[in-house]
Structure formats: C-alpha cells, structure tokens
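From the sequence below, what's the structure:
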Amino acid sequence: MKKVIIAIFTILLVLLLIISFTLINLKKQEAEELEADIEVADVSTVTEEGKTVKQIIEESDAKYLEENGDTIYVEFSKDLFDEKGESNEDYFNNIIKKLQKASPTKTFVLIDESKNIDIKVNYSIADKEYKIKIKDVENFYDVVDGKKYVGVDKISIVPLSKFIFNNSYLFKLSINSSYFKNIKDDLGEGVPLENNYTSYLDGKIKIRLAPTKTVRNLIFSEEYEGDITEKINTKMSLREIQAANNTNAFGSLEENYLGYRDEDFYLFFYNDETSIYSYSYQYNEDFEDLLDEYLASKNLDNFINSLVQSWKAYDYYEYDAETQSAYVLYSTRGIEIDIKNNDSKGIKLYTNYYFTNKTKDYVKRGLIDVDLNTDLVNKVEQERRTKSK
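The predicted model follows:
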C-alpha cells in the first residue's frame, strides 16, 4: 500500500512539473509576441499635415527604416547620380519638399547608410529659410561632377605587364627600393645637365633623382648596348618589342612608343631611347592624414610644409604663402597639387593613385578633383618627350 501511495505521489509531482513548465513557456511566448508587436508598431512621427514621416517617405519611392530624434533612417531607391553620372536631384528634392511642407520650420536629417548618403535640412528661425547640405556640402549638385562621382568608384591603375630584368642597373634598383647608391659605383662620374638630370657613361644613361635619393627616371639612349629585360634590348624596333610583349598599357606602333607597367617600374620604349620610372602603388598614409587635416582646417601653410618635409618623393615643389598658392607634383604616386587662393579643388588625383574609400568620398563631395582617364606617370613622360625634342 505504501509503495502505491509513493507511486501516485510521484506521478502527480511529474504532472505538476509538466503543467508548470507548460505555463511558463506559454507566458514566455506571449511576452515575445507582445514585444514583437511593439517593435513592429508604427511609431513614426506625425507631421502637422496629419501624415506620418513613414507615410511620406514610402509615398516618395523610398523605404522607411526608423527615426531617432530628428534623424530619419531610410533606403532611397536611387543614388545621388545614376550609372551614367546624370543627376537624380529631382528625386531627392521631392522627398525634402514633402517633409518640409508637412512640418514647416522643422529641422531633420535623412540618412541612407547603404548608399552612404546623408542629407541635413536645417531650418533657420532667424532667416526663416532652409539650408540643405548633402554629404555635408551646400549646393551639392552645383559643386559635384556626376561623371566623377560615379567614375571614381570604378577607377583603377593600368594592368601589370611581367618582365624579367637581366639589366644589372635595373635589377639592383628593383631589389633595393630604387636607391641610387646601389648603382652609383657602377656608373662612375656623372656630368650634371640643365634639366635636373645627370649624364653617365658618355651620355648613354641619364638619371634624375628624387629628393629621397631614389632614381625617379632612368633613360637609356640608343647608343647603350645591352639588354633591358630578358627579351628586350635597345637595338630592337618597336614592332619587335611589341612582338616580345604585347601587353602595353600606353602608346602604339602608330604613336611611336610603347609603355608598360611592371611591379617595380614603368617602362617606355621609343626608337631612340628607353625611359624607365620607379614608382610605388600603395596606401599613401602620410598624404591622407595631412589631407584630412587640411580639409578640416584649411591651413595651407601647415599642409604644404608638413607634406614636403615628411613625404619627400615629389617631382616639383613651389609655394607662395602670400597668395596661398602651391604646386607640388608626385607623378609616381598619382598626385598633382595645383592650389590657388587656398582652393582644395586644386588637388587632383590620377588613375595611378592608390584610392581609399576616404579619398573617393572627398571626390564625391567635390572637395578634391580627379582625372578618371589619365595615368600621371604616362602624362609626365609624354611631356618630357615633347620638351626634349
């Protein structure tokens, strides 16, 4: 009898535990459902017209996400420019005007994080008017070039060509970061020329150095006898050179020159000479840090002086503090600084610049300029050839 009572008690206890767990789970499920209902509830601000911000956004061909104070998070159906660089100004103006009309005198911010768009609409009580900034730029569509806004995301340096160098000068430079001291003894005494070059081996080789004492440009004349690469020497015609390597990035047989980009050098072949530039294609940390500071402070003195002191690999450098004008050229880094009246738009980046999201954004905001189609090394080299004729 005692065993029966114990068994019944055990069964009742198990049932009680099962019922308790069931009730707890039901309560938990109800709480989760209630919380979910609260999360999906429309808490969008009601405007003075009686419509919610959410309604206005979604009626304007955009997706409403949430609000946080005066900030409205959305997903626009369009970017600031279309794929061809044509303006979508009317689309954004339509949304802004609807929100302004619905709540006159209200300040608000529209943010699309997926497209990296922020639009600040500030109402001035004193002036009784709105000031609109897109990507923190007033009169955005008057300042920014749509073709450049779209094109900077697609910009890239020209493709690589692979060469094997059996020329002793080029080989030593390639494994020693292009420092001149590694070939100086092999060249003997040099003769300075008027154009910042020095002539060696009776004019068979001309060299121009950067302020860092690296070889910026090395030119082999047609009198130089020897190989340039494993398959190319100075006695070959352009047609023979192209047959040996047809991956030229610049020039053509019709243009009477062939240009290539190797991992360590740019190489330009002509009928009467071979011109070679050492270069670097990597993150330009020093430059971008100083650029950040300059765009924020507009202190041109500090920008230029700090730049040429900390980053000496420039081709040319001129600065006039009185007129707030500067010219600094870093051809092998793809940077040309031609600032007049302290206008940052005088900073232009070329296709051989190592772009980051930061510098792309500066272009998109119209703070600096870009040349979408020109490699600065090739540009400088063709200018050199023109002047030397």
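
What are the phi and psi values at residue 92?
phi -70, psi -40 (degrees, to the nearest 10).

which ones are touching it?
76, 78, 80, 119, 134 (C-beta atoms under 8 Å, 6 or more residues apart in numbering). The way it works is simple: take the backbone N, C-alpha and C, and place the C-beta from them, glycine included.

Which of the three states applies to the closest residue to residue 245 other than its chain neighbours?
Distances taken as C-beta to C-beta, 6 or more residues apart in numbering place residue 161 nearest to residue 245, at 6.1 Å, with adjacent residues excluded. Following DSSP: H, G, I helix; E, B strand; the rest coil, the label given to residue 161 is coil.

Run a quick neighbour tally on residue 161.
For residue 161, the neighbour count with other C-beta atoms under 10 Å is 18.

How about residue 182?
Residue 182, neighbours per other C-beta under 10 Å, totals 17.

Touching, it and residue 170? I think so.
No: applying C-beta atoms under 8 Å as the test, residue 182 and residue 170 come out as separate, 11.1 Å apart.

My read is that the residue nearest to residue 245 contacts residue 244, right?
No: using C-beta under 8 Å, residue 161 is not in contact with residue 244, being 10.9 Å away.

For the stretch 101-250 of the chain, just list every one of the strands.
Taking DSSP state E, counting those that start in this stretch as the criterion, the stretch 101-250 of the chain carries its strands at 108-112, 117-124, 129-134, 137-138, 191-192, 198-200, 205-209, 215-221, 250-252.

now these in CSV, with mean neighbour count?
Shown next, in CSV, are these (neighbours: other C-beta atoms under 10 Å):
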stretch, mean neighbour count
strand 108-112, 19
strand 117-124, 17
strand 129-134, 15
strand 137-138, 14
strand 191-192, 10
strand 198-200, 18
strand 205-209, 20
strand 215-221, 22
strand 250-252, 17
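
These into CSV, with extra columns for distance to residue 234 and mean pLDDT?
Below are the strands of the stretch 101-250 of the chain laid out as CSV (distance: least, C-beta to C-beta, whole Å; pLDDT from 0 to 100):
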stretch, distance to residue 234, mean pLDDT
strand 108-112, 57, 96
strand 117-124, 54, 93
strand 129-134, 55, 93
strand 137-138, 52, 94
strand 191-192, 20, 97
strand 198-200, 15, 98
strand 205-209, 11, 98
strand 215-221, 6, 97
strand 250-252, 17, 98
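
of all those, which lies closest to residue 227?
strand 215-221 (10.3 Å; C-beta to C-beta).

by how many degrees do that closest one and strand 205-209 diverge?
Interaxial angle of strand 215-221 relative to strand 205-209 (axes from the mean of the first three to the mean of the last three C-alpha atoms, to 10 degrees): 170 degrees.

who touches strand 215-221?
169-170, 173, 178-180, 183, 197, 203-210, 228, 234, 272-278, 315, 332, 384.

how does it look with 6 Å?
173, 178, 180, 204, 206-208, 210, 234, 273-278 (C-beta atoms under 6 Å, 6 or more residues apart in numbering).

and the nearest residue to residue 278 once chain neighbours are set aside, how far is that from residue 293?
Leaving aside its chain neighbours, residue 278 sits nearest to residue 178 (3.7 Å; criterion: C-beta to C-beta, 6+ apart). Look at residue 178 and residue 293: by C-beta to C-beta, to the nearest Å, they are 29 Å apart.

same check, this time on residue 128
For residue 128, the distance to residue 293 - C-beta to C-beta - is 36 Å.

what's around residue 267, how many residues?
Residues near residue 267, counting by other C-beta under 10 Å: 25.

so it touches residue 277, yeah?
No: counting by C-beta atoms under 6 Å, residue 267 sits too far from residue 277 to count as a contact (8.2 Å).

Residue 207: what's it in contact with?
Residue 207 neighbours (C-beta under 6 Å, 6+ apart): 198, 215, 218.

The nearest residue to residue 298 once chain neighbours are set aside in helix, strand or coil?
Nearest residue to residue 298 in three dimensions, chain neighbours excluded: residue 342, at 6.2 Å (C-beta to C-beta, 6+ apart). Here residue 342 is recorded as coil under three-state DSSP.

on that earlier part again, now the residue nearest to residue 278: how far from residue 332?
10 Å.

if we can go back for a sec, mind pulling up the pLDDT for the residue nearest to residue 298?
On pLDDT, residue 342 comes in at 97.

Could you do residue 38 as well?
For residue 38, pLDDT reads 36.

which non-adjacent residue is nearest residue 202?
Here the residue nearest residue 202, using C-beta to C-beta, 6+ apart, is residue 223, at 8.0 Å.

Go ahead and confirm that neighbour touches residue 204.
Yes: counting by C-beta under 6 Å, residue 223 touches residue 204, with 5.1 Å between them.

The closest residue to residue 181 other than its chain neighbours - how many residues pack around it?
Closest residue in space to residue 181, ignoring its immediate chain neighbours: residue 213 at 7.0 Å, by C-beta to C-beta, 6+ apart. Residue 213 is flanked by 12 other residues according to other C-beta under 10 Å.

Report the separation between the residue nearest to residue 247 when sequence neighbours are not counted and residue 171.
With C-beta to C-beta, 6+ apart as the criterion, residue 247 has its nearest non-adjacent residue at 4.4 Å, and that residue is residue 161. Residue 161 sits 17 Å away from residue 171, going by C-beta to C-beta.

now residue 266
For residue 266, the distance to residue 171 - C-beta to C-beta - is 17 Å.

how about the helices in the chain?
Under the criterion DSSP state H, the chain contains helices at 2-40, 53-59, 89-102, 140-143, 146-151, 168-175, 184-187, 238-244, 285-297, 300-310, 357-364, 376-388.

would you list the ones you listed in TSV and tack on distance to residue 326?
Putting these into TSV (distance: least, C-beta to C-beta, whole Å) gives the following:
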stretch	distance to residue 326
helix 2-40	55
helix 53-59	45
helix 89-102	33
helix 140-143	22
helix 146-151	22
helix 168-175	30
helix 184-187	32
helix 238-244	39
helix 285-297	11
helix 300-310	5
helix 357-364	17
helix 376-388	17
